[in-house]
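>>> quick one, structure for this:
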Amino acid sequence: MTLHHRASARASDLNSLGFAKPPAQTRVVVAMSGGVDSSVVAAKLKAEGYDVIGVTLQLYDHGAALAKKGACCAGQDIHDARRVAERMGFPHYVLDYENKFRESVIDEFADAYLAGATPVPCIRCNERVKFRDLLETARDLDADCMATGHYIQRKDGPARAELHMAADPNRDQSYFLFSTTQEQLDFLRFPLGHLASKAETRALAAEYGLAVADKPDSQDICFVPNGNYAAVIEKLRPGAADPGEIVDMDGNVLGRHRGVIHYTIGQRRGLGIGGLGDPLYVVRLDPDQRHVVVGPKSALATTIVPISEVNWLGDKPFAGEIPVMVRIRSTRPPRPAILRAIDATRAEVELLDAEEGVSPGQACVFYEPDSTRVLGGGWITLRRRKAA
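Here you go, the predicted model:
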């Protein structure tokens with residue numbers, strides 16, 4: 001038998017999750033939010049004969065979050081996840097992670113926002129709760145792997161498991177999963193990442209007879225009702241909305257504001273300082289001085305982006321200059337850049353074309369040029385340099 005035939009035979013011996021044993025002997029923990037995506041993952045794997053255990057995390061269950069639409073892991077979502085498990089006939093557990101979520105995600109979100117950053121708590125939730133604590137729970141349950149409903153792909157590369165963008169660019173969640181470590185990636189599975197569209201997911205939900213087949217997608221951060229960040233920060237950090245001055249880049253006072261937490265970098269509307277000729281934008285927030293600093297649009301342009309807490313998933317060592325594609329906002333396509341490693345966890349990204357509104361606290365995700373592979377990413381830090 002040739003080497004090619006031996007490799008093909010070995011591959012054919014693996015089940016759909018990559019294990020050399022029957023599905024019935026393969027235990028998979030499915031992280032179930034109560035939405036259609038993770039429900040389909042659980043139902044699909046159960047229908048394929050896997051030993052499925054569903055786990056739902058109660059992350060935030062305080063008052064208004066219970067009844068509002070568009071939030072994950074609240075009361076209705078736990079009920080929906082349980083109904084899927086009952087219909088498909090697999091065990092389902094609810095774990096109270098409220099304290100861990102508060103300590104690992106909400107508190108940092110509040111502090112980062114107060115420091116003038118624009119945090120992305122969903123990334124921290126994946127990193128510090130779902131892919132850390134829940135993954136350890138899956139191991140404690142003797143699971144072979146953990147599956148989620150995220151739209152991203154895990155592929156077996158020549159050297160190791162690789163992380164790739166979803167087949168559907170409109171659903172791709174790689175920006176929110178850049179901090180997945182290699183060890184976590186070895187244990188994780190993403191059964192929806194290869195689907196061409198969300199319509200396919202809903203069709204599968206209907207096929208399995210799931211009540212969540214037509215359930216709307218969640219839109220808000222689960223602990224931020226109606227997207228009102230400022231109201232949540234005021235509740236978590238009383239006094240955070242103290243008013244202050246709007247100043248230009250030379251420090252001249254142009255007006256008053258109602259609290260730094262109500263403003264974001266790149267904002268133009270709602271400044272209340274019209275009649276000054278050229279439009280002004282928020283270019284920096286100074287919480288210590290309670291200043292909102294404004295300037296012309298050109299002041300937002302940045303080519304050099306400092307990065308901290310780098311997570312590297314490439315095959316080659318993280319060193320020197322590396323040509324990459326980078327995404328610095330979840331809603332923008334990757335663009336060419338040079339990644340310069342400073343040390344194991346810090347780097348500098350040079351954008352080949354200036355980008356406006358680069359904000360500290362956002363993620364910067366690295367992609368392999370001419371490929372869908374995710375090479376990792378890091379967090380944009382406070383130091384900024386505008387384009388020449």
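>>> what does the spatially most central residue of the chain show for phi and psi?
With distances taken as C-alpha atoms, centre = their mean, F176 lies nearest the centre of the chain, 2.1 Å away. Main-chain dihedrals, F176, degrees, to the nearest 10: phi -90, psi 0.
>>> before we move on, what about L45?
The phi/psi pair for L45 (degrees, to the nearest 10) is phi -70, psi -40.
>>> I'd say it and V28 touch.
Yes. Counting by C-beta atoms under 8 Å, L45 touches V28, with 5.7 Å between them. All C-beta atoms are positioned from the backbone trio N, CA, C, and that covers glycine.
>>> please point out which parts of the longest strand along the chain sit buried.
For the chain, the longest strand by residue count, based on DSSP state E, is strand 301-312. For strand 301-312, a neighbour-count test (16 or more other C-beta atoms under 10 Å) marks A301, T302, T303, I304, V305, P306, I307, S308, V310, N311, W312 as buried.
>>> now do the strands in the stretch 101-250 of the chain.
In chain order, the stretch 101-250 of the chain shows strands spanning 145-147, 152-156, 161-165, 188-189, 244-248, with DSSP state E, counting those that start in this stretch as the criterion.
>>> pull the distance from the fourth one to the chain's centre.
Right, strand 188-189. 16 Å (C-alpha atoms, centre = their mean, to the nearest Å).
>>> and what of stretch 265-284?
With C-alpha atoms, centre = their mean, you get 29 Å for stretch 265-284.
>>> and for stretch 362-372?
Distance, centroid of stretch 362-372 to centroid of chain: 14 Å (C-alpha atoms, centre = their mean).
>>> please name the residues that touch I380.
V305, P306, I307, I328, V358, S359, P360, G361, Q362, A363, C364 (C-beta atoms under 8 Å, 6 or more residues apart in numbering).
>>> between these, which is closest to A112?
G361 (5.1 Å; C-beta to C-beta).
>>> isn't that closest one up against W379?
Yes. Applying C-beta under 8 Å, one finds G361 in contact with W379, separated by 7.1 Å.
>>> re the thing from before, and the strands of the stretch 101-250 of the chain, which one is worst for confidence?
Of all those, mean pLDDT reaches its minimum on strand 244-248 (a mean of 91).
>>> quick one: the helices in the stretch 151-300 of the chain?
Secondary structure of the stretch 151-300 of the chain, counting by DSSP state H, counting those that start in this stretch: helices at 182-187, 198-207, 229-236.
>>> packing partners for the longest one?
Contact analysis of helix 198-207 by 3 or more C-beta pairs under 8 Å, 6 or more residues apart in numbering; DSSP states H and E lists helix 36-47 as its packing neighbours.
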